[in-house]
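[1] What shape does this take:
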Amino acid sequence: MAAIHRPAHLTHHAAKLASAACLEKSQAIGVPMNVAIVDASLYLLHFERMPGAKLTSVDIAINKAFTAAGHRAPTSVYKENVWPGGPAFGLNNSNNGRFMYVAGGIPVVVDGEVVGAVGCSTGTPAQDTEVAQAGVDAVLEYVKQLRVKPKL
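    So this is what the prediction gives:
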């Protein structure tokens, strides 16, 4: 199976690999998570809610993935800029309130192109980021494996 389609979009298979890695990391740190994966179109490709994950964090996880893919940057980079007096104050109200500046949304970048993003929510921003990064790393490892040619 391929990891991405052209134009470059994360595949459902790769999204499930990312989600599995997120769930594994979440269990390892003992924090149940909501895990959302979007493709490059910003639409939800895969979602999982672990037992015990905060119900109010469902939309947050989805919106973290949306923001990370749409802005082509981790959600954490905006925190200091969107506070009153910050250079991007009010940005957090854009996109019908979907813009997320809390850490835990990370884009998946393959060959310099954003193909999707992972968003996680329920823990602290650092925990959400750690779990989301596990999902991104799983996709990148999968892409790397697909590119390795067997030696004859």
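[2] quick one: the helices in the protein?
    In the chain, the helices defined using DSSP state H lie at 12-29, 58-71, 94-97, 125-147.
[3] If you average pLDDT over each of those helices, which is lowest?
    Mean pLDDT across the helices of the chain is lowest at helix 94-97; the value there is a mean of 84.
[4] about what we covered before: of all the helices of the chain, which lies closest to A36?
    Evaluated over those, closeness to A36 peaks at helix 58-71, with 4.3 Å, by C-beta to C-beta. All C-beta atoms are positioned from the backbone trio N, CA, C, and that covers glycine.
[5] Select the longest strand from this protein.
    strand 113-121 (DSSP state E).
[6] now that strand and helix 58-71, what's the angle there?
    Computed by axes from the mean of the first three to the mean of the last three C-alpha atoms, to 10 degrees, the angle separating strand 113-121 from helix 58-71 equals 160 degrees.
[7] May I have the beta-bridge partners of the residue nearest the centre of the chain?
    In the chain, the C-alpha nearest the mean C-alpha coordinate belongs to V118, at 1.2 Å (C-alpha atoms, centre = their mean). Note on V118: beta-bridge partners by DSSP bridges are I37, I106.
[8] From G70, how far out is it?
    14 Å (C-beta to C-beta, to the nearest Å).
[9] what does V82 give?
    Plainly put, V82 is 15 Å away from G70 if you go by C-beta to C-beta.
[10] Lovely, talk soon.
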